[in-house]
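J.: here is the input, now give the coordinates:
(one chain, ligands or ions: 1)
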Amino acid sequence: MRQTKIVLSDKEIPTKWYNIMADMPNLPKPPLHPGTKQPVGPDDLTPIFPMALIEQEMTQERWIDIPEEVLDIYSLWRPAPLFRAHRLEKLLGTPAKIYYKYEGVSPAGSHKPNTAIPQAYYNKKAGMKRIATETGAGQWGTSMALAGKLFGLDVTVYMVKVSYGQKPYRRIMMETWGATVHASPSNTTNSGRKILELDPNNSGSLGIAISEAVEDAATHSDTNYALGSVLNHVCLHQTVIGLEAKKQLELVGDYPDIVIGCCGGGSNLAGVAFPFLHDKIKGNRKDVRIIAVEPTSCPTLTKGEFRYDFGDVAGFTPLMTMYTLGHDFMPSGIHAGGLRYHGDSPLVSQLYHDKLIEAQAYHQRTVFEAAMQFANTEAIIPAPESAHAIRAAINEALRAKEEGKEKTILFNLSGHGYLDLQAYADYREGKLMDHEHPEEDIRKSLEKLPKI
Ligand SMILES: *Cc1c(COP(=O)(O)O)cnc(C)c1O
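T.: As a prediction, this is how the structure comes out:
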């Protein structure tokens, strides 16, 4: 019988995370304080982050030990399976081998608990009682709620009001895991109250929710803030994905020619790709290609500029060097909510700038077409975000067919789509729109960026 799943035992969960800052040809420029525009030191971050995470944000140590307590919880779903997509390959008639790492097996249904768990652990160890965070459609909020529950931390989630109303299921998951969920803008913070005074019907945005969560954390000494993507320590935690995938491919005597991940803030791409980039930078595997895939309607890498920008709409966070569309760029309401971010991880941005990562952008209809091909062959209904990686993988497999080359393709299936089924209904009913890259909006938004 042919092998479809490549699985590792609990003992083979990686015991160290890989830190690409040890090997990058150029490190990102230092983050700057939003007020003084001077480099941020550890002390600037202690009001909202525990020291262990601040150290991970800055260190150039190559390997970081994963605490035993974190490994115990990882073992609830890790090692995640690696699949060979035999049926999809057959549908495409490609000589390429397609493998996918499936992160949808986590309790929250995506890769995000890989970082929520250690973030909760380090905060608990630092004596925190509570985490305040934001969520859009709810993927990050559910992951943080789960992590808080497992380490005995209270979790307060500011959920963008429009999603709070329209997408009740992830809210119910968060509440089931004991979190308190506020529709944002809320009455619990100054920034929320200010917005509600001006506009009682404000439907919220991720930027507003971040402002509320940061304010909550900064004004309560027993409360810290947690972010689900973008930051260096988040990318670090996600490298368990690629480290496992590498071992799994070794078991079948394979190594990828192409590694693909969808890219919102960049963390799942970083997770699957950084361990392979290590080989590429070290010259062992010079020709492995890494591809970041984004929506055409939020084309951060493919159309953005590489410069200092804020991580949030309000301009509260440190300024970081990244590819950005401008922090007040408002992407259209595509279904892949997790990819609607104006910026990108400084690590992924720097590596893209240095041409170690490529980027592609796709419209959502062609993305859903790929999602349907995947669902009808491999059986898993993918998250709309993950389907961007599937689109790119299928295109690369079809190119291999044209060229008659036996390529090995690995992509990360960052999550399942069982809480995003409305998107599939809309696709099938012909209601999905393709949004052109709004050059004019991007230009206007970029003009407003701080000049550093
Ligand atoms: C949040 C999310 C993403 C996008 O975030 P990254 O930090 O770019 O990985 C991708 N896929 C899924 C399933 C998500 O929940």
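J.: where in the chain is pLDDT low?
T.: Counting by pLDDT under 70, the ranges of the chain that qualify are 333-334, 436-437.
J.: and for the residue sitting nearest the centre point of it, nearest residue in space, chain neighbours not counted?
T.: Closest residue to the average C-alpha location of the chain: residue 267 at 3.9 Å, with CA atoms, centre = their mean. Nearest residue to residue 267, sequence neighbours excluded (CB to CB, 6 or more residues apart in numbering): residue 229, at 4.3 Å. Quick note: C-beta positions are derived from backbone N, CA and C, even for glycine.
J.: next one: the one you found from the ligand, what distance?
T.: Between residue 229 and the ligand the computed distance is 3 Å (CB to the nearest ligand atom, to the nearest Å).
J.: mind exporting the C-alpha coordinates of stretch 289-302 to CSV?
T.: Only the C-alpha atoms of stretch 289-302 are listed here, as CSV (Å, rounded to 0.1, in the frame of the first residue of the first chain):
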residue,chain,number,x,y,z
ARG,A,289,12.4,28.1,-3.4
ILE,A,290,10.2,29.7,-0.6
ILE,A,291,6.9,31.2,-1.7
ALA,A,292,4.7,33.6,0.3
VAL,A,293,1.1,33.7,-1.0
GLU,A,294,-1.2,36.7,-0.4
PRO,A,295,-4.5,38.0,-1.6
THR,A,296,-4.5,40.4,-4.5
SER,A,297,-6.8,42.7,-2.4
CYS,A,298,-4.2,43.0,0.3
PRO,A,299,-0.9,42.7,-1.6
THR,A,300,1.6,43.6,1.1
LEU,A,301,4.7,42.0,-0.3
THR,A,302,3.9,42.2,-4.0
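J.: is the ligand contacted by it?
T.: No - using CB under 6 Å from any ligand atom, stretch 289-302 stays clear of the ligand, coming no nearer than 8.6 Å.
J.: roughly how far out does that stretch sit from the chain middle?
T.: Between the centre of stretch 289-302 and the centre of its chain there are 13 Å (CA atoms, centre = their mean, to the nearest Å).
J.: circling back: tell me how many other residues surround the residue nearest to residue 267.
T.: Residues lying near residue 229 (other CB atoms under 10 Å) number 26.
J.: check residue 90 too.
T.: Neighbour tally, residue 90, other CB under 10 Å: 10.
J.: then it would be within a helix, right?
T.: Yes - remark: residue 90 belongs to a helix, assigned using DSSP: H, G, I helix; E, B strand; the rest coil.
J.: report the contact partners of residue 205.
T.: By CB atoms under 8 Å, 6 or more residues apart in numbering, the residues touching residue 205 are 160, 313, 330.
J.: so which of the residues you listed belong to strands?
T.: residue 160 (DSSP state E).
J.: ok, which stretches of the stretch 351-452 of the chain are helices?
T.: Ranges of helices in the stretch 351-452 of the chain, per DSSP state H, counting those that start in this stretch, are 364-375, 384-403, 421-428, 439-447.
J.: and the contacts of residue 205 as JSON lines, adding neighbour count and distance to residue 238?
T.: Shown next, in JSON lines, are those (neighbours: other CB atoms under 10 Å; distance: CB to CB, whole Å):
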{"residue": "160", "neighbour count": "26", "distance to residue 238": "23"}
{"residue": "313", "neighbour count": "20", "distance to residue 238": "24"}
{"residue": "330", "neighbour count": "16", "distance to residue 238": "27"}
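J.: contacting residues for residue 256?
T.: Contacts of residue 256 (CB under 8 Å, 6+ apart): 99, 249, 276, 288, 408, 409, 410.
J.: mind putting those in JSON lines, neighbour count and distance to residue 174 included?
T.: Listed next are these as JSON lines, based on neighbours: other CB under 10 Å; distance: CB to CB, whole Å:
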{"residue": "99", "neighbour count": "21", "distance to residue 174": "32"}
{"residue": "249", "neighbour count": "20", "distance to residue 174": "35"}
{"residue": "276", "neighbour count": "23", "distance to residue 174": "34"}
{"residue": "288", "neighbour count": "19", "distance to residue 174": "38"}
{"residue": "408", "neighbour count": "17", "distance to residue 174": "39"}
{"residue": "409", "neighbour count": "26", "distance to residue 174": "35"}
{"residue": "410", "neighbour count": "29", "distance to residue 174": "32"}
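J.: report the two of those separated the most.
T.: 99 and 288 (13.5 Å; CB to CB).
J.: so which residues of the stretch 101-250 of the chain form helices?
T.: Using DSSP H, counting those that start in this stretch, helices in the stretch 101-250 of the chain cover 113-125, 139-151, 161-166, 168-176, 190-198, 206-218, 232-238, 240-251.
J.: output the contacts of residue 256 in TSV; the columns should cover distance to residue 391.
T.: Shown next, in TSV, are those (distance: CB to CB, whole Å):
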residue	distance to residue 391
99	16
249	22
276	20
288	20
408	18
409	12
410	15
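J.: now, those that are in strands?
T.: Short answer: those in strands (DSSP E) are 99, 408, 409, 410.
J.: nearest to the ligand, of those?
T.: residue 410 (15.7 Å; CB to the nearest ligand atom).
J.: bridging residues for the closest one?
T.: residue 99, residue 259 (DSSP bridges).
J.: if I pick it, what's in contact with it?
T.: By CB under 8 Å, 6+ apart, the neighbours of residue 410 are 99, 100, 101, 245, 249, 256, 258, 259, 260, 272.
J.: if we go to 7 Å?
T.: 99, 245, 256, 259 (CB atoms under 7 Å, 6 or more residues apart in numbering).
J.: format these as a markdown table; extra columns: distance to the ligand.
T.: Formatted as a markdown table, the contacts of residue 410 follow (distance: CB to the nearest ligand atom, whole Å):
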| residue | distance to the ligand |
| --- | --- |
| 99 | 18 |
| 245 | 15 |
| 256 | 18 |
| 259 | 14 |
